[in-house]
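*Asks:* Generate coordinates for the sequence data below:
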Amino acid sequence: MGREHWKKIWIGSAGNMVEWYDWFVYASFATYFAGAFFPDGNPTAQLMNTAGIFAVGFFMRPVGGWLLGRVGDRRGRKAALTLTVTLMSASAILIAIAPTYAVAGYGGAAVLLVARLLQGLSVGGEYAASATYLTEASDPRRRGFASSFQYVSMTAGQIVGLGLQIVLQRTMSDDALHDYGWRIPFVLGALGAAVVFYLRRNMLETDVYEAEADEREGEERGTLRALWRHKREAFLVIALTMGGTVAYYTYTTYLTKYLSNSAGLPKQTATLVSFTALIVFACLQPLAGRLSDRIGRRPLLITFAVGSTLLTVPIMTLLKQADSFWPALGLALLALVVVTGYTSINACVKAELFPTRVRALGVALPYAVANALFGGTAEYVALWFKDAGAESGFFWYVAACAAVSLVVYVTMRETRDLDLTRMKDGQSSSLTTAS
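*Replies:* So this is what the prediction gives:
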């Protein structure tokens, strides 16, 4: 790829990293601030409350997907990406200054809720805007490779958050972290968002978008009416996302809590396991993305779904019995290698399903709906099963979601060779395999 392609990928990925750092840092530091916003009591109940607010953020993602997807299709990918980072910066500041339960009662939880709603709006548009931008900005022969950097940057954001958590755990006392230390990552997140805002204000628009920006059909760009013409592809996005998003959030945001609360590992060890596993996971994304450019998207998606359906229950069962760093790391890596079949290419697969004038909205809205229903609730469902004394039920739930997506992967059409510049109504991909 040329220098301009790399520049676009770099700016799109850097912004995506900060966005997802702010999003995931809530989950990774929840064990420290859960007690700050709710009355003393059962630690699991406090985590369920914070997980519930975490899930609420997901339910704003469809709204953000619609709003910012519309902006991305009508005003450009650059405009949508700039707006998302502005919303994320505001939410990080709110969490950083939110008053505790001891100071303002449930007022602090209310501020936390508003911040998560803003984050939901932001991330609802960020995923689609960055997926669309990275896919359109890349060499057509390397769309899988280029779009894989979306999950590289997403995972990098989480790695930075976990890395900061490890540093704080080793430089601050446990009491200090519970008292005020958990606010530090949100302050840094707000500063990082300000830097990204500057970068995105100066980023270049994609050639694919600019080539169609002046067409007469522009009045319907990014509208629900235009998306409805591609309702089959929209439902396909929901179905193919279902298994992937549940598995991803299980082995990333929930893993640290699971190792700490269920396996009984110290918080520091659980955090280090997640941190190490995610570094390897990030490195795998471009390799798998490049592989998809050679053999197609469907083989990787099918491999993920088969592996997740068959291996989730044994992996999660063994993780619960892991009593030290290395066994836990080995199992976490196995799980994330399987998940790579989905994460490395799902951005380009979804973008390849829609024509340019509705691509951002087409990716954003159905993907956000799927995440609200399945990804955002994964942690809460896991904790609900645990609180009910039937934790293994969650393992079967994850496997079942992957099995549903497997059916979709087997029957969907290959999207690798579609020409994004020639896709019009009636020419986008379909639910059925090409004959």
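*Asks:* Where does pLDDT dip in this protein?
*Replies:* Low-confidence segments of the chain (pLDDT under 70): 1-2, 41-47, 213-219, 422-435.
*Asks:* for it, longest helix please?
*Replies:* helix 107-137 (DSSP state H).
*Asks:* for that one, which positions count as buried?
*Replies:* 108-109, 111-113, 115-137 (16 or more other CB atoms under 10 Å). In this view, the C-beta of every residue, glycine as well, is placed from N, C-alpha and C.
*Asks:* Excluding chain neighbours, give the residue nearest to N346 in space.
*Replies:* Among residues not flanking N346 along the chain, G244 sits closest, at 5.9 Å (CB to CB, 6 or more residues apart in numbering).
*Asks:* what's near enough to touch the one you found?
*Replies:* 304, 339, 342-343, 346, 402, 405 (CB atoms under 8 Å, 6 or more residues apart in numbering).
*Asks:* now A128
*Replies:* Neighbouring residues of A128 by CB under 8 Å, 6+ apart: 65, 68-69, 72, 80, 360-361, 363-365, 367-368.
*Asks:* I'd like the next helix or strand past whichever strand or helix holds Y342.
*Replies:* If you go by DSSP states H and E, Y342 is part of helix 325-343. The C-terminal neighbour of helix 325-343 among helices and strands, as given by DSSP H and E, is helix 346-351.
*Asks:* helices or strands up against that following helix?
*Replies:* Here helix 346-351 touches helix 107-137, helix 143-147, helix 231-251, helix 359-370, going by 3 or more CB pairs under 8 Å, 6 or more residues apart in numbering; DSSP states H and E.
*Asks:* Dump those to a markdown table, plus distance to M172.
*Replies:* Conversion of these to a markdown table gives the following (distance: least, CB to CB, whole Å):
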| stretch | distance to M172 |
| --- | --- |
| helix 107-137 | 21 |
| helix 143-147 | 38 |
| helix 231-251 | 27 |
| helix 359-370 | 36 |
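*Asks:* shouldn't T241 be in contact with N346?
*Replies:* Yes: counting by CB atoms under 8 Å, N346 is a contact partner of T241 at 7.1 Å.
*Asks:* what helices or strands is the helix holding Y342 leaning on?
*Replies:* helix 231-251, helix 267-295, helix 298-321.
*Asks:* Just the endpoints, please. Distance across stretch 177-187?
*Replies:* Start-to-end span of stretch 177-187 (CA to CA, to the nearest Å) is 14 Å.
*Asks:* contacts for that stretch?
*Replies:* Residues contacting stretch 177-187 (CB under 8 Å, 6+ apart): 22, 25, 29, 32-33, 35-36, 92-93, 95-97, 161, 164-165, 168-169, 172.
*Asks:* What are the buried residues along it?
*Replies:* Neighbour counts over stretch 177-187 (16+ other CB under 10 Å) mark 177-178, 181-186 as buried.
*Asks:* from these, which two are the most distant?
*Replies:* The distance between the two most remote of the buried residues of stretch 177-187 (CB to CB) is 15.0 Å, for H178 and F186.
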